[in-house]
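Visitor: got a structure for you, letters missing:
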């Protein structure tokens, strides 16, 4: 490597953090003072497994959390397979790492496709209000039997 490139890299590595610090100190406080309003993506029962009113709500929460847990486990298995692949030189270990990543992706696709199919067929299928006390009231009008 030439002397010019070494000196340029040294100056760049010293000045870059300094410039980023100056920008962060003088310009980011304006952005951090902004008020953030957001709408939660889940309903009122999210995170309240202990405050479940009915058995159907319990089943709904278990269903929702199992989908989230399956996704998180798939991501963890992909990460483990990636570390296993990067950290080994043996062919058999790399092959098992590829297999682990492939299996995690297949499992994630199975969970996503199952939820997608159920939601496409009828979104009411995944509501799981099996034992709710609400009953549909059918009005019988005169002349209609």
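Guide: Right, received. Where do you want to start? All values derive from a computational prediction rather than experimental measurement.
Visitor: so after the helix or strand bottoming out on mean pLDDT in the chain, what's the next helix or strand?
Guide: Taking mean pLDDT, DSSP states H and E as the measure, the chain has helix 3-32 as its least confident helix or strand, at a mean of 71. Following helix 3-32 in sequence order, the next helix or strand is helix 55-86 (DSSP states H and E).
Visitor: return the list of helices and strands in contact with that next one.
Guide: helix 91-121 (3 or more Cβ pairs under 8 Å, 6 or more residues apart in numbering; DSSP states H and E). Where you see a C-beta, it was placed from the backbone N, CA and C, and this is true even at glycine.
Visitor: determine the set of other helices and strands touching the helix it packs on.
Guide: Packing partners of helix 91-121 (3+ Cβ pairs under 8 Å, 6+ apart): helix 55-86.
Visitor: ok and the helix it packs on relative to helix 91-121, angle-wise?
Guide: Angle of helix 55-86 versus helix 91-121, following axes from the mean of the first three to the mean of the last three Cα atoms, to 10 degrees, is 150 degrees.
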